[in-house]
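**Q** Sequence unavailable; structure follows:
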């Protein structure tokens, strides 16, 4: 879910354009996305379920504590190193449930297909949905298929929504983040975005960069189990990357965040590609990483749980939440300086997921 | 949800083309849609939650009985007589829950926006979502917004998924339909499709035909309350119209359906438009009607409940389920004849919802 791009506009150093039409940047996870959500969607639809703006809504139905989330996938190309749109759609929605501490129970699957889409492409995507859903043991419970004329969509879009069950005693959310929380990330950042970019531009980076798309519910459950009430929130750093996640938490909680740049794990190939292209890996989308906010007494246990899970072997402690400079993320640079980590007006890579 | 276009291909009188690409007709609710679902999607994703192929999946989570459904909306034009894509998306997903006998509890809302979409159009759609959700008292709990380049989508698409709670004792589904069941429809058929067509073609039919888009959970709850266990199934006759609903039930339950054409309520304006255009109102989409399958002892009570609800004033008993001619829908024509009511290869109106 991407209503989570909330930012405090009063603090925005860039004057925001209130134009007359949607720009590509409104979907990028940057400031324009935040503007769209904050100014146009939230004021109309505000309600207690939507307002927390976490990756999944939490609600009680018939005595059951549920997590509920939705995401549309418009990634181009459909097939990329390390995955495809079908696997991404299954894993992405599972992850939004997982970071709420929920056990994913089922998914919906809705296709919008462009007339002329070759059946073999559709079949590959369906097979990928199947294998991702089977691997995660989360069934597709309901679906929909629409077709639009040639030129009215770009090949194939997917929406997946999901329902998860939140176990008793688990209560996670950005509202619980507090000063002193350690910030952990489960592995290298930027892999997904750079993999998409390499495929799109036909650039063959060294070390064959692959998307990190993965279902994180096993890893998240292990973190929950290891930490108990000391775990305050988990997030899925997709569009806008790690930076968007940290900026959103700082903005929403009116707290400061300190992050040590050198502590953030980045794959060598991704780092090289970013240097070549002038991109910051902290701003690049991930599809198989979790950011955890955990009180100091639970931090080592959380990190240990990550290390012991196959998807958390490169986990690292990257920073902490502070009372100072509320709303701002301060990055300590390798040369001993400090800079404000800010979201770009529009992220450089559209249609990354 | 539209995985519900299941048909027995062995009985199909038209040879099915197994082409190499998606055709517009694959989204029309006709035989091509059924072929797509039955041959490509279901074999890959089959599981006990998906297999009943009703308008909503039914599952138990944490002791709660849930209904879960999804639908994407690609209707063109976005604004049409009697409604718009926003209202349609809210009502349509509520209705898929309602016909499962569920109380709708919350919706998700996911936009795919085309670069260049004027903000005033987006704002109108958001306002319409808001008012439809408020009127129905079903909040939007979670959301997503994606943007694609100019030409990569047609203005604006919406996906809504929804969760409903199924009250104790309510157990509806096409699997419960049995010989002897009366078939009721809550009002006139074909209004939505003809309203879209009139707007699209700039035809101004007499009597100003309007979409029937409406949230049916109040009406459905009244039917459930009035009938108890004698109510077997309810359906939402959208793409493919009343004909698709009857053909699907006949095919899936391997039972016959008899329908009296003259008993099916059709608005005079819609009938005139259909005659002019050579369309059959039974094949045209509805967005505010329910079809109920109810045992004979409950039929009058169900009809009475419909009559007493503002959305069921034109309700009618239109036919019954029989053991004869399994898989076929026989239409008794006004001149005393009989004909097989069959789905067209592809419905004549694409992007109707």
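**A** Yes, it's here. Predicted, not measured: the structure shown is a model, and the values here were computed from it.
**Q** How about residue A:103: which residues does it bridge to?
**A** Beta-bridge partners recorded for residue A:103 (DSSP bridges): residue A:165.
**Q** ok, now which ones touch it?
**A** Going by CB atoms under 8 Å, 6 or more residues apart in numbering or on different chains, residue A:103 touches A:97, A:164-167, A:217, A:221. All C-beta atoms are positioned from the backbone trio N, CA, C, and that covers glycine.
**Q** in the stretch 101-250 of chain A, which ranges drop under the pLDDT threshold?
**A** Within the stretch 101-250 of chain A, the segments meeting pLDDT under 70 span A:206-207.
**Q** what residues are up against the residue nearest in space to the middle of chain A?
**A** By CA atoms, centre = their mean, chain A has its centre lying nearest to residue A:238, at 2.7 Å. Residue A:238 makes contact with A:2, A:29, A:92, A:192, A:285-287, A:353, according to CB under 8 Å, 6+ apart.
**Q** just residue A:140 next, same as before
**A** Going by CB under 8 Å, 6+ apart, residue A:140 touches A:106-109, A:129, A:133, B:45, B:47, B:49-50.
**Q** Out of these, which sit inside strands?
**A** Among the contacts of residue A:140, the residues falling in strands (DSSP state E) are A:106-109.
**Q** between those residues, which is nearest chain B?
**A** Taking CB to the nearest CB as the measure, chain B lies nearest residue A:108 of the ones in strands among the contacts of residue A:140, at 3.5 Å.
**Q** Which residues does the closest one form beta bridges with?
**A** residue A:142.
**Q** That one reaches residue A:142, doesn't it?
**A** Yes. Under the criterion of CB atoms under 8 Å, residue A:108 makes contact with residue A:142 at 4.8 Å.
**Q** When these two are compared, which one has more neighbours?
**A** residue A:142 (33 against 28; other CB atoms under 10 Å in any protein chain shown).
**Q** Now do the same contact list for that one.
**A** Per CB under 8 Å, 6+ apart, neighbours of residue A:142: A:106, A:108-109, B:1, B:3, B:49-50, B:56-57, B:68-70.
**Q** what are the ranges of the helices in the stretch 1-150 of chain A?
**A** For the stretch 1-150 of chain A, the helices defined by DSSP state H, counting those that start in this stretch cover A:31-36, A:42-45, A:85-98, A:119-136.
**Q** With distance to residue A:200 added, can I get these in CSV?
**A** Below are these laid out as CSV (distance: least, CB to CB, whole Å):
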stretch, distance to residue A:200
helix A:31-36, 20
helix A:42-45, 32
helix A:85-98, 13
helix A:119-136, 17
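**Q** Turn the contacts of residue A:142 into CSV, including distance to residue A:199.
**A** Output for those, formatted as CSV (distance: CB to CB, whole Å):
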residue, distance to residue A:199
A:106, 31
A:108, 28
A:109, 24
B:1, 33
B:3, 31
B:49, 34
B:50, 31
B:56, 37
B:57, 35
B:68, 34
B:69, 34
B:70, 29
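**Q** By pLDDT, give me the weakest of the residues you listed.
**A** Among those, residue B:3 carries the weakest pLDDT, at 41.
**Q** which of the helices of the stretch 1-150 of chain A sits most buried?
**A** Greatest average neighbour count among the helices of the stretch 1-150 of chain A goes to helix A:85-98 (a mean of 30), per mean count of other CB atoms under 10 Å in any protein chain shown.
**Q** tell me the average confidence for that helix?
**A** On average, helix A:85-98 scores 98.
**Q** ok, which pair from the contacts of residue A:238 is furthest apart?
**A** Taking CB to CB as the measure, those span a maximum distance of 15.0 Å, between A:2 and A:192.
**Q** do you know how far residue A:194 is from chain B?
**A** 20 Å (CB to the nearest CB, to the nearest Å).
**Q** what does residue A:254 give?
**A** On the measure of CB to the nearest CB, residue A:254 and chain B end up 23 Å apart.
**Q** One more: residue A:295?
**A** Counting by CB to the nearest CB, the gap from residue A:295 to chain B is 27 Å.
**Q** hang on, that residue packs against residue A:180?
**A** Yes. If you go by CB under 8 Å, residue A:295 and residue A:180 touch, sitting 6.5 Å apart.
**Q** neighbour count winner among these two?
**A** Set side by side, residue A:295 and residue A:180 show more neighbours around residue A:295, with 19 against 13, by other CB under 10 Å.
**Q** Look at that one and report its pLDDT.
**A** Per-residue confidence at residue A:295 stands at 98 (pLDDT).
**Q** ditto for residue A:52
**A** For residue A:52, the model assigns a pLDDT of 89.
**Q** which phi and psi does the closest residue to chain B within the stretch 251-353 of chain A have?
**A** For the stretch 251-353 of chain A and chain B, the shortest gap (CB to the nearest CB) falls at residue A:351, measuring 6.1 Å. Per-residue torsions, residue A:351: phi 50, psi 50 (degrees, to the nearest 10).
**Q** Which one of the contacts of residue A:142 is nearest to residue B:309?
**A** After measuring those against residue B:309 - CB to CB - the closest member comes out as residue B:56, at 20.6 Å.
**Q** burial measure for that closest one, as a count.
**A** Residues near residue B:56, counting by other CB under 10 Å: 33.
**Q** Could you do residue A:327 as well?
**A** Burial of residue A:327 is recorded as 17 neighbouring residues (other CB under 10 Å).
**Q** now residue A:233
**A** 26.
**Q** Can I take it that it is in a helix?
**A** No. Under the criterion used here (DSSP: H, G, I helix; E, B strand; the rest coil), residue A:233 is strand, not part of a helix.
**Q** tell me the contacts of the nearest residue to it once chain neighbours are set aside?
**A** Distances taken as CB to CB, 6 or more residues apart in numbering or on different chains put residue A:293 closest to residue A:233, at 4.5 Å, once the chain neighbours are dropped. By CB under 8 Å, 6+ apart, the contact set of residue A:293 is A:174, A:176-177, A:181-183, A:231-235, A:249, A:321.
**Q** one more time with 7 Å, if that's ok
**A** Applying CB atoms under 7 Å, 6 or more residues apart in numbering or on different chains to residue A:293 gives the contacts A:177, A:181, A:183, A:232-233, A:321.
**Q** ok, these vs chain B, which is closest?
**A** Nearest to chain B among these, counting by CB to the nearest CB, is residue A:233 at 16.3 Å.
**Q** Am I right that the residue nearest to the centre of chain A falls within a helix?
**A** No. Read with three-state DSSP, residue A:238 is coil and lies in no helix.
**Q** how close does it get to residue A:244?
**A** Using CB to CB, to the nearest Å, one gets 8 Å for the distance from residue A:238 to residue A:244.
**Q** three-state assignment of the residue lying closest to residue A:136 once chain neighbours are set aside?
**A** In space, and not counting its chain neighbours, residue A:136 is closest to residue A:215: 4.2 Å by CB to CB, 6+ apart. When classified by three-state DSSP, residue A:215 comes out as coil.
**Q** Compare the contacts of residue A:103 and tell me which is most surrounded.
**A** Using other CB under 10 Å as the neighbour test, those are led by residue A:97, with 31 neighbours.
**Q** Spit out the contact partners of that residue.
**A** A:56, A:67, A:69, A:104, A:162, A:164, A:217.
**Q** Closest residue of the stretch 101-250 of chain A to chain B?
**A** residue A:147 (2.8 Å).
**Q** State the distance from that residue to residue B:192.
**A** For residue A:147, the distance to residue B:192 equals 18 Å [CB to CB].
**Q** Look at the two and report which has more neighbours.
**A** residue B:192 (33 against 27).
**Q** Make sure the more buried one is actually in contact with residue B:211.
**A** Yes. Using CB atoms under 7 Å, residue B:192 is in contact with residue B:211, at 4.5 Å.
**Q** Quick check: neighbours shared by the two?
**A** With CB under 7 Å, 6+ apart, residue B:192 and residue B:211 have common neighbours residue B:287.
**Q** Spell out the residue ranges of the helices in the stretch 251-353 of chain A.
**A** A:268-277, A:296-307.
**Q** for the longest one, the distance to its chain's centre please.
**A** What it means is helix A:296-307. Here helix A:296-307 is found 21 Å from its chain centre; the criterion is CA atoms, centre = their mean, to the nearest Å.
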